[in-house]
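Participant: pasting the structure only:
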């Protein structure tokens, strides 16, 4: 029996984040929209909810993919709309994510700004924006912003990347 687990990720545009996680083996569903965390992170921010099988892709891989496919060290002015965050659905996952971020910090030249937040609420994007990359891979936005993130998957996370799906919709360089 497969056990599907959920976690949320926010960092950059939800079109980008959605495409990244849709392109991984072991990810069964990606819901694109806006997530609110608790406390100081209670405003809605662009994000995705990822449903995955931990036997196929570990949480630590999902977290590292997230950190390496958006500007996880940049505290730019748009962070309210594009909060760099990991949204957890239980205390065990929260503690694990915080601990793993601390472990990974030494791999980055600057401080990670990614916050671990308790999930509070989700609002889906409009249907016209769902599955954006895989419906529109030739759009300039997709070629400019999403395709380079998929290259990261193909090079740094090759064993987890769904190469068949990516290659059908993305010109591999």
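Facilitator: On my side now, so go ahead. If you're wondering where the values come from, they're calculated on a predicted model, not measured in any experiment.
Participant: List the buried residues for the lengthiest helix in the chain?
Facilitator: Secondary structure of the chain read by DSSP state H shows that its longest helix is helix 91-104. Neighbour counts over helix 91-104 (16 or more other C-beta atoms under 10 Å) mark 93, 94, 96, 97, 100, 101, 104 as buried. All C-beta atoms are positioned from the backbone trio N, CA, C, and that covers glycine.
Participant: list the contacts for the last one?
Facilitator: Right, the one you point to is residue 104. Residues in contact with residue 104 (C-beta atoms under 8 Å, 6 or more residues apart in numbering) are 63, 64, 67, 112.
Participant: per-residue confidence at the second one?
Facilitator: If you check residue 64, the pLDDT there is 98.
Participant: Look at it and give its secondary structure.
Facilitator: helix (DSSP: H, G, I helix; E, B strand; the rest coil).
Participant: Can you give me the distance of it to residue 23?
Facilitator: Using C-beta to C-beta, to the nearest Å, residue 64 is found at 15 Å from residue 23.
Participant: Which one of the contacts of residue 104 is nearest to residue 140?
Facilitator: residue 67 (26.1 Å; C-beta to C-beta).
Participant: who's in contact with the helix or strand where that closest one lies?
Facilitator: Residue 67 is part of helix 59-68 when elements are defined by DSSP states H and E. Here helix 59-68 makes contact (C-beta under 8 Å, 6+ apart) with 5, 7, 9, 11, 17, 20-21, 24, 50, 52, 72, 86, 93, 96-97, 100-101, 104, 108, 112, 114, 152-153, 156-157, 160.
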